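Colleague: Provided below for reference: sequence and predicted model.
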Amino acid sequence: MASNIPPSESSDFLKAVLQRFDTFETKLVTRFDTFETKLVTSFDTFETKLVTSFDALNTKLVTSFDAINTKLDALNTTMEVMLDAPGADIHNGIQALENSQANLNNSGDRASSSQK
């Protein structure tokens, strides 16, 4: 079956179709590029916030454990002094132990309240 469309009109029609496809492709590529940019930006922002949150949590935990460790070291020193103390110094050793225990309790209270 032969076409009744003259070659010049056929050529113009094909040019118009190709132009529409080119326009469609350009719009599609632009939209995907925009979507990709927004997606990458969102993930970068999320990653930054997540890292910042974990860093802050890590700092709080390290600070709390350092405070507890310091109090435990003081308690250990007090225990050593108390065990090495002669009979007359036992009362002073017990008082120092009670003071260390009170400091340890206060440190635990501060650590738990800083995590709230």
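Modeller: Perfect, thanks for sending it.
Colleague: and Gln95, what element?
Modeller: Per DSSP states H and E: Gln95 is located in helix 90-114.
Colleague: Thr77 now?
Modeller: Using DSSP H and E, Thr77 maps to helix 7-84.
Colleague: how far out from the middle of the chain is that helix?
Modeller: Helix 7-84 has its C-alpha centroid displaced from the chain centroid by 9 Å (C-alpha atoms, centre = their mean, to the nearest Å).
Colleague: Could you name the helices and strands sitting against that helix?
Modeller: helix 90-114 (3 or more C-beta pairs under 8 Å, 6 or more residues apart in numbering; DSSP states H and E). Yep, even glycine has a C-beta here, placed from its N, CA and C like the rest.
Colleague: any idea of the mean pLDDT in the helix it packs on?
Modeller: Per-region confidence: helix 90-114 scores 71 on mean pLDDT.
Colleague: Equivalent analysis for stretch 9-19, please.
Modeller: Averaged over stretch 9-19, pLDDT sits at 86.
Colleague: what do you get for stretch 31-50?
Modeller: Averaging pLDDT along stretch 31-50 yields 96.
Colleague: Quick one: neighbours of Met82, just the number.
Modeller: Other residues near Met82 come to 17 when the count uses other C-beta atoms under 10 Å.
Colleague: Enumerate every residue touching it.
Modeller: Shown in contact with Met82 (C-beta atoms under 8 Å, 6 or more residues apart in numbering): 90, 93-94, 96-97.
Colleague: now with 6 Å?
Modeller: 93, 97 (C-beta atoms under 6 Å, 6 or more residues apart in numbering).
Colleague: residues near Val51, how many?
Modeller: The burial count for Val51: 10, using other C-beta under 10 Å.
Colleague: If you could redo that for Phe21, that was the one I meant.
Modeller: Around Phe21 there are 10 residues (other C-beta under 10 Å).
Colleague: Cool, thanks, talk later.
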